[in-house]
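Visitor: Got a predicted structure plus its sequence, pasted below:
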Amino acid sequence: MFWRISNGGAKLETKTVQETKAAAGFGAPYIVRTLENGAGHAPILEGMKLPTPNTLTSPIDVWLRNLHEKYRNNMHGHLASYIPELTKADAKHFGIVLAAADGKSYATGDSEVLFTIQSISKPLVYGLALEDHGSEAVLKRVGVEPTGEAFNSIVMDELNNRPFNPMVNAGAIATTALIRGNGFEDRFKRILDMFSRYAGRQLTVDESVFASERATGHRNRAIAYLQLNSGMIEEPVSEHLDLYFRQCAILVSARDLAMMAATLANNGVNPVTHERAIAPEHVKTVLSVMASCGMYDYSGEWVYRVGLPAKSGVGGGIIAVLPGQFGVGTFSPLLDDHGNSHRGIEVCKELSQRFHLHVYDMHFVADNIVRRSYRGGGVTSKRLRGARERKALDSHGHQIIAYELQGGLYFATAEQLVRRIVEDSPQSKYVLLDGRRISRADQSALMLLRDLKLALAHESKVLVLAALPEQVQSDWLKLNSGAGLELCFGDVDAALEYCETKVILTADPGAMAADALLPLADMDILRGFSADEIGKLAPYIQTSSYDAGAFIIREGDAADRLYLLASGSASVDIVLDDAKSRVRLAAFRPGVAFGEFALFDGGRRVANVVAETAAVCYVLDFANLERLEATEPKLYRRVLFALGRLLTDRLRRVTAEVRALT
Ligand code: GLN
């Protein structure tokens, strides 16, 4: 057995296993790939030409190129000849393009050669008919049942007096007949403009193919007049037919097809131009008929083998769509007996098998939506509170439960979340959803959360949302518009503080009295001091008042005093490197001491402290503290000890919080 080892991809050598082991040693920087394998798994690069050394090529490009190479000389099939002009196609042409739903494309072979779109026009025009009339009205005129017959068969759903589906010619002609507009020119322009939006460039018509089919399309004429005869379509039939022949003669490349498919994968919006080609509500209808009928009488086997909604055309094109992920466009004009591109089908089969693209090949189960959850009290907001507020929060904070969410919210993950919330609910009153790590949320998930919100409200419980991605927040507000006040916070800490305030106000309504000025004795660090000690300390302390919005401490100030907040609220924030945004580091409520680090390390202030409301502070200047040392050494030691306690208390809380969060 041989291994191929490459050193950083620069130089390839072949060695035996024994040599490799000897050469590699422990931790040697070799990448080892198997070329032969006994286990029967095809290694990714088996039989493939490796890219030029020193240029990193995406393995997807390499893989597509090799796939192209594998089928390049496969000349099975025949050119479509019933439209005379199509026999002029070059049988050798062969292109494959893969386009991600974000617009990135990978092309190989004849990806830019133009050919006529033919039947791939059918699902696109069907989408336009859906937009023109709505799906129920269209369904009355064109069914959605596969025929199991060839694309040009003359079979009708007689029970419902309509063609079976829009992907066979009979249904496609009836669909085209539904396209609104003011005469032929206007109706065709609407079709061409729509196709151009799908492709992301202005498309044109192959006049000779159009003329050729128009002159020889007797079978399609017969189908149309039969339908007129049974009232399935109305006049002007020859205009409908011209429109149909012309839509089939629109010129596209494999790249255009891939972009069209990617547009369907991207919910109807061209991912490169960001132009909408089809209303989002019709995308799933179009993809459904593609999945059941897109490959004519090969549709069943196609779903079985490839498993992607797709459409082929006798010009040699195929589009296939993996919703939400990407689109494929292939071009090879040699057709099999069903009228589908032979090489195109082989390529799609291999793509689907190699990358597990079959829509029913679900390898993922629902992600774990709750990253972690914690109760209030144990974990608190950055608001440091005085003893009385803290006491209320310590004993009632568990009524707050926060869930840190991650990943996408869709039905299965929203169900998981709702289940957790219901299980945890007996103790909870404030349910806080932290949306910082949410990637997206679909409508079904948001509807479920809205129902949960109403159910919670019914139990006097509150759903609070924080830091949702912009799109999710706007979808949520739209869904809830008119349904009362929404508790949506931009910031998780602010949301948590909101819940804490509510809990404190219910547990101890007096604790947060707006204009109460706490006496010096009620400052946290001075609790336990006797009245006599407080009396001795008072002359060393000044009282300062601040208006709402005023700076209590400015970044850069000399750090030479300690503050005790006696009333109001204050917060510390720093300006981030980008000089635009600020982060709140901490915030204070009456009773709390701040600025204490300065006592130990001096220097300059590194952040601003701002009065959020009108505030009063007791200020202990360090020069006064020194005087206290000289005159009242015992009291001085008490103060220092109290400051030490303050710091250890805070450290202990932070440690407990870190523990609660891991
Ligand atoms: N214009 C062609 C026809 O009506 C389209 C058929 C096809 O691509 N399968 O015959």
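Guide: Looks like it came in fine.

Visitor: is residue 321 in a bridge, and if so with what?
Guide: Taking DSSP bridges as the rule, residue 321 bridges to residue 327.

Visitor: Neighbours of it, how many?
Guide: Neighbourhood size, residue 321 [other Cβ atoms under 10 Å]: 29. The way it works is simple: take the backbone N, C-alpha and C, and place the C-beta from them, glycine included.

Visitor: wait, what's in contact with it?
Guide: Shown in contact with residue 321 (Cβ atoms under 8 Å, 6 or more residues apart in numbering): 261, 264-265, 287, 290, 308-310, 327-328.

Visitor: change it to 6 Å
Guide: 261, 264-265, 309, 327 (Cβ atoms under 6 Å, 6 or more residues apart in numbering).

Visitor: where in the protein is pLDDT low?
Guide: Residues of the chain meeting the criterion pLDDT under 70: 1-54, 363-366, 483-484, 514-515, 577-579.

Visitor: Get me the contact residues on it for the ligand.
Guide: 118-119, 151-152, 169, 213, 220, 248, 313-314, 339 (Cβ under 6 Å from any ligand atom).

Visitor: Please repeat the previous calculation with a cut-off of 8 Å.
Guide: By Cβ under 8 Å from any ligand atom, the residues of the chain that approach the ligand are 80, 82-83, 116, 118-122, 151-152, 169, 172, 213, 217, 219-220, 244-245, 248-249, 296, 312-315, 339.

Visitor: Can you give me the neighbour number for the residue nearest to residue 65 when sequence neighbours are not counted?
Guide: Leaving aside its chain neighbours, residue 65 sits nearest to residue 108 (5.0 Å; criterion: Cβ to Cβ, 6 or more residues apart in numbering). By other Cβ under 10 Å, the residues close to residue 108 number 22.

Visitor: can you tell me the helix or strand for residue 108?
Guide: Assigned by DSSP states H and E, residue 108 belongs to strand 105-109.

Visitor: got the phi/psi numbers for the one residue in the stretch 451-600 of the chain that gets nearest to the ligand?
Guide: Nearest to the ligand in the stretch 451-600 of the chain, going by Cβ to the nearest ligand atom, is residue 471, at a distance of 38.6 Å. The phi/psi pair for residue 471 (degrees, to the nearest 10) reads phi -60, psi -40.

Visitor: Ok, the one 5 residues further on next?
Guide: Backbone dihedrals for residue 476, given as degrees, to the nearest 10, come out at phi -70, psi -40.

Visitor: Identify the residues contacting it.
Guide: By Cβ under 6 Å, 6+ apart, the neighbours of residue 476 are residue 446.

Visitor: The closest residue to residue 133 other than its chain neighbours: neighbouring residues, count only.
Guide: Using Cβ to Cβ, 6+ apart and skipping residues adjacent in sequence, the residue nearest residue 133 is residue 178, 6.1 Å away. Residue 178 has 21 neighbours, counted by other Cβ under 10 Å.

Visitor: Now do the contacts for the closest residue to the ligand within the stretch 401-550 of the chain.
Guide: Using Cβ to the nearest ligand atom, residue 442 is the residue of the stretch 401-550 of the chain that sits closest to the ligand, at 34.8 Å. Shown in contact with residue 442 (Cβ under 6 Å, 6+ apart): residue 410.

Visitor: and if we set it to 10 Å?
Guide: Contacts for residue 442 (Cβ atoms under 10 Å, 6 or more residues apart in numbering) come out as 408-411, 413-414, 472, 475.

Visitor: Go through those residues and name the one nearest residue 388.
Guide: residue 472 (37.8 Å; Cβ to Cβ).

Visitor: Number of residues surrounding the closest one?
Guide: Residue 472 has 21 neighbouring residues, counting by other Cβ under 10 Å.

Visitor: quick revisit: where helices are concerned, which of the residues of the chain next to the ligand count?
Guide: Among those, the members found in helices (DSSP state H) are 121-122, 169, 172, 213, 219-220, 244-245, 248.

Visitor: Could you chop this structure up by domain?
Guide: For the chain, the structural domains run 2-57, 84-355, 370-512, 520-660, going by automatic domain parsing.

Visitor: first to last residue in the second one, what's the distance?
Guide: If I follow you right, that is domain 84-355. With Cα to Cα, to the nearest Å as the measure, domain 84-355 spans 38 Å from end to end.

Visitor: ranges for the helices of the stretch 501-650 of the chain?
Guide: For the stretch 501-650 of the chain, helices defined by DSSP state H, counting those that start in this stretch occupy the ranges 531-537, 597-601, 622-631, 633-661.

Visitor: any chance of the ones you listed in JSON lines, plus mean neighbour count?
Guide: Output for the helices of the stretch 501-650 of the chain, formatted as JSON lines (neighbours: other Cβ atoms under 10 Å):
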{"stretch": "helix 531-537", "mean neighbour count": "14"}
{"stretch": "helix 597-601", "mean neighbour count": "14"}
{"stretch": "helix 622-631", "mean neighbour count": "14"}
{"stretch": "helix 633-661", "mean neighbour count": "13"}
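
Visitor: re earlier: could you grab the helix/strand/coil label for the nearest residue to the residue of the stretch 451-600 of the chain closest to the ligand once chain neighbours are set aside?
Guide: Among residues not flanking residue 471 along the chain, residue 440 sits closest, at 7.1 Å (Cβ to Cβ, 6+ apart). Secondary structure of residue 440, reduced to three states by DSSP: H, G, I helix; E, B strand; the rest coil: strand.

Visitor: give the contact list for residue 440.
Guide: By Cβ under 10 Å, 6+ apart, the contact set of residue 440 is 407-410, 469, 471-472, 475.

Visitor: Determine which stretch of the domains of the chain is the most buried.
Guide: Ranked by mean neighbour count, those are led by domain 84-355 with a mean of 21 (mean count of other Cβ atoms under 10 Å).

Visitor: in the sheet, who's paired with the residue nearest to residue 65?
Guide: Counting by DSSP bridges, residue 108 forms beta bridges with residue 96.

Visitor: hmm, back to that, now the domains of the chain in CSV, with distance to residue 74?
Guide: Output for the domains of the chain, formatted as CSV (distance: least, Cβ to Cβ, whole Å):
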stretch, distance to residue 74
domain 2-57, 16
domain 84-355, 6
domain 370-512, 40
domain 520-660, 56
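
Visitor: Test my guess that residue 504 contacts residue 388.
Guide: Yes. Residue 504 lies in contact with residue 388 (Cβ atoms under 10 Å); the separation is 8.7 Å.

Visitor: anything in contact with each of the two?
Guide: 511-512, 589.

Visitor: thought residue 302 was touching residue 291?
Guide: Yes. Counting by Cβ under 10 Å, residue 302 does reach residue 291; the two are 8.7 Å apart.

Visitor: returning to what we had before: wait, isn't the residue nearest to residue 133 in contact with residue 139?
Guide: No. Residue 178 is not in contact with residue 139 according to Cβ under 10 Å; the separation is 11.4 Å.

Visitor: Overlap of the contact sets of the two?
Guide: 130, 133.

Visitor: how about the CA coordinates for stretch 185-193, as CSV?
Guide: C-alpha atoms of stretch 185-193 as CSV (Å, rounded to 0.1, in the frame of the first residue of the first chain):
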residue,chain,number,x,y,z
GLU,A,185,-44.7,42.9,-26.7
ASP,A,186,-45.6,43.9,-23.2
ARG,A,187,-46.3,40.4,-22.1
PHE,A,188,-43.0,39.1,-23.5
LYS,A,189,-41.1,42.0,-21.9
ARG,A,190,-42.5,41.1,-18.5
ILE,A,191,-41.2,37.5,-19.0
LEU,A,192,-37.8,38.6,-20.4
ASP,A,193,-37.3,41.2,-17.6
